[in-house]
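J.: Fold the stuff below for me.
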Amino acid sequence: MTRFIFAALLAGAAPAGAQDAPAAGSQEAARPAATQAQQVEAALKNYPEIMQIMKNLSVLMERGAEVPPERMAALAPELGKFNTLVKQTLGEKILADIAAREKAIEEKERTGAALQTLRAFRAALQVSYGQNGGKYPKSPAEMVGVNITAVPELYLPGHERTNKLTVINSRKYDKDATKAVTDSGGWLYFSDPASVNYGLLLLDCSHDGPDGMPFSGY
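T.: Numbering: from 1, shown residues only. Alright, predicted model coming up:
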């Protein structure tokens, strides 16, 4: 979150009115983001202490491993006090905006990783299908050590990390496979050869993805 706090600190130091959103279609709205950032940085020249602190913190992040532990231990409480003052200066509105942006970026990354893992896991199932005469395994866990090294871990938005695997060996959900979703955040697999869902692997998650479709629908 450090990069967002730095950006927020820059925005918070801009002249009054500079943080307001520009009207749609205005020259300000069309102005490249880099130009706006340069303007804010120029405004910060009126606050040399803030500029110096930001530079020093950047150096601390880059070279902190070279600083003796006792110095870092002595600095930590002071930085805690300073952080409190910075938050008070920024205000709840800016901090909430920064937190929302950070959450959106994190969830986008987690979504991309989960969908990539889903594609790879399904590909492994297809390989197993071909290797075993057109039969899917009774459980994807049977592929561990053969087609996969382990049941892949998922970290879906709204869930903790898990590789939980739920196997459905029935035709109960033939009309709608998503009815079997329990929102565990793990895997859902259909193993009954008589089922229309035979060999289907889903994300056991009812949360909506970035396109508004539940993750179980991918």
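J.: Tell me who's in contact with the residue in the chain sticking out farthest from the centre.
T.: The centre of the chain is farthest from one residue, residue 133, which by CA atoms, centre = their mean lies 39.2 Å away. Residues in contact with residue 133 (CB atoms under 8 Å, 6 or more residues apart in numbering): none are found. All C-beta spots, glycine's among them, are computed from the backbone N, C-alpha and C.
J.: That one and residue 50, how far apart?
T.: According to CB to CB, to the nearest Å, residue 133 and residue 50 sit 69 Å apart.
J.: re the thing from before, what are the phi and psi angles of the residue farthest from the centre of the chain?
T.: Per-residue torsions, residue 133: phi 60, psi 40 (degrees, to the nearest 10).
J.: Tell me the buried residues in stretch 114-124?
T.: Neighbour-count burial for stretch 114-124 flags 114, 115, 117, 118, 121, 124 (criterion: 16 or more other CB atoms under 10 Å).
J.: centroid residue for this protein?
T.: The centre of the chain sits closest to residue 106, judged by CA atoms, centre = their mean, with a distance of 2.2 Å.
J.: so which helix or strand takes in it?
T.: In this structure, residue 106 sits in helix 69-131 according to DSSP states H and E.
J.: Which strands and helices lie in contact with that helix?
T.: When contacts are defined as 3 or more CB pairs under 8 Å, 6 or more residues apart in numbering; DSSP states H and E, helix 69-131 sits against helix 2-12, strand 201-203.
J.: cutoff 10 Å now
T.: When contacts are defined as 3 or more CB pairs under 10 Å, 6 or more residues apart in numbering; DSSP states H and E, helix 69-131 packs onto helix 2-12, helix 48-63, strand 187-190, strand 201-203.
J.: CA-only coordinates of the longest one in CSV, if you can.
T.: Looking back up the chat, that one is helix 48-63. The C-alpha trace of helix 48-63 is given here as CSV (Å, rounded to 0.1, in the frame of the first residue of the first chain):
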residue,chain,number,x,y,z
PRO,A,48,10.4,20.7,1.0
GLU,A,49,10.1,18.8,4.3
ILE,A,50,7.5,16.5,2.8
MET,A,51,9.6,16.0,-0.3
GLN,A,52,12.7,15.1,1.7
ILE,A,53,10.8,12.7,3.9
MET,A,54,9.4,10.9,0.9
LYS,A,55,12.9,10.6,-0.6
ASN,A,56,14.3,9.3,2.6
LEU,A,57,11.5,6.7,3.0
SER,A,58,12.2,5.5,-0.6
VAL,A,59,15.8,5.1,0.3
LEU,A,60,14.9,3.2,3.5
MET,A,61,12.7,0.8,1.5
GLU,A,62,15.5,0.2,-1.0
ARG,A,63,18.5,0.0,1.4
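J.: Could you tell me the average pLDDT over it, please?
T.: Taken as a whole, helix 48-63 has an average pLDDT of 88.
J.: what do you get for the first one?
T.: Averaged over helix 2-12, pLDDT sits at 49.
J.: for the shortest one, same thing?
T.: Averaging pLDDT along strand 201-203 gives 98.
J.: Might you calculate how far it sits from the centre of the chain?
T.: With CA atoms, centre = their mean, to the nearest Å as the basis, strand 201-203 stands 20 Å off its chain's centre.
J.: the bottom helix or strand of the protein by mean pLDDT?
T.: One helix or strand of the chain scores below all others by mean pLDDT, DSSP states H and E: helix 27-30, with a mean of 46.
J.: Understood, closing this out.
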